[in-house]
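Chemist: missing the sequence, but the structure's below:
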Ligand code: GLV
């Protein structure tokens, strides 16, 4: 008998094919919420749940899970959507999918950096409207990205992949994290134990810290003010890291030259004041959104599920 699985979000074709071959699965056409997932978990006698970062696996949902559900695998790297303490207490195995999305997330962070520095959203809007007039040499100027000082908050796998790209752009790389990295990982980047001490030195700031209460609104009116005037701000990590009122004020006042954002406090119904700021480049939480990476993320979640249901150790358990 094939293991029974509930898949709570649409997945790429190759992942779906494996699900249909290897599992007895309930697959959603769109996205399943908590109630629907619980109901399918019961009626289908599920052994496992396949989740994405959008599924809130909170204490109440975990408490309501039938006993036969042994593993919940998220295909995301972030797990701020999961109540880890409640899962542990229930004996539910939870896995994430690190590594497979590192490069594409770093690529998108760099897309945001370059687009915000070079006013790509404004240029694209000008072209969409038909260009019509030649600009003076002093009009619509961006800021240079190459050679600038880049501050990275959170020098984990993704932060380090961004640093690697930055070195190709001759940037000076600074980073802030809970602990200093060994030289083979920091590759010459300068460490700050308190990210606030780093901010005044950053031409460009990019966030790669985890979501959750510890870092909630770490970028707020006070910390945006610590950036030099004309800095560029990028977030491809979690929307919760940012006080969006303070961000909007910092852009409107001209304190920030521009921003690039892939994540928002509320998704998908984000604060639409952001889209009215011409020098803010926006993407809809798509940092991992390539065919290759979304496929690899799905496969990684399935690998974790298959191993656990075969009585083996998961590849990416959130705890051991
Ligand atoms: C995406 O946001 C992830 O955490 O993988």
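Modeler: It's in. Treat the numbers as computed from the prediction; the structure is a model and nothing was measured. Residues are numbered from 1 along each chain as shown.
Chemist: quick one: the helices in the stretch 151-300 of the chain?
Modeler: Shown for the stretch 151-300 of the chain, the helices assigned by DSSP state H, counting those that start in this stretch span residues 157-168, 183-186, 195-198, 221-226, 244-252, 291-309.
Chemist: now render the ones you listed as CSV, adding mean neighbour count, mean pLDDT and distance to the ligand.
Modeler: (Each C-beta comes from the backbone N, C-alpha and C, glycine too.) Shown next, in CSV, are the helices of the stretch 151-300 of the chain (neighbours: other CB atoms under 10 Å; pLDDT from 0 to 100; distance: least, CB to the nearest ligand atom, whole Å):
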stretch, mean neighbour count, mean pLDDT, distance to the ligand
helix 157-168, 20, 98, 9
helix 183-186, 11, 98, 21
helix 195-198, 18, 98, 20
helix 221-226, 16, 98, 22
helix 244-252, 18, 98, 17
helix 291-309, 21, 98, 7
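Chemist: burial of residue 176, as a residue count?
Modeler: The burial count assigned to residue 176 is 24, neighbours taken as other CB atoms under 10 Å.
Chemist: correct me, but it touches residue 195?
Modeler: Yes: between residue 176 and residue 195 there is a contact under CB atoms under 8 Å: 3.6 Å.
Chemist: now the common contact residues for these two.
Modeler: Contact criterion CB atoms under 8 Å, 6 or more residues apart in numbering; residues shared by residue 176 and residue 195: 151, 153.
Chemist: list the helices and strands the helix or strand encompassing residue 37 packs on?
Modeler: Following DSSP states H and E, one finds residue 37 within helix 34-43. Counting by 3 or more CB pairs under 8 Å, 6 or more residues apart in numbering; DSSP states H and E, the packing neighbours recorded for helix 34-43 are strand 4-7, helix 59-64.
Chemist: quick check: buried residues in the longest one?
Modeler: Just to be clear, that refers to helix 59-64. 61, 62 (16 or more other CB atoms under 10 Å).
Chemist: what does the shortest one give?
Modeler: Within strand 4-7, the residues that qualify as buried are 4, 5, 6, 7, counting by 16+ other CB under 10 Å.
Chemist: quick check: the third one vs the ligand, distance?
Modeler: Read that as residue 6. 19 Å (CB to the nearest ligand atom, to the nearest Å).
Chemist: what sits against the residue nearest to the spatial centre of the chain?
Modeler: Nearest residue to the geometric centre of the chain (CA atoms, centre = their mean): residue 237, 3.9 Å. By CB under 8 Å, 6+ apart, the residues touching residue 237 are 78, 154, 158, 207, 208, 209, 210, 211, 263.
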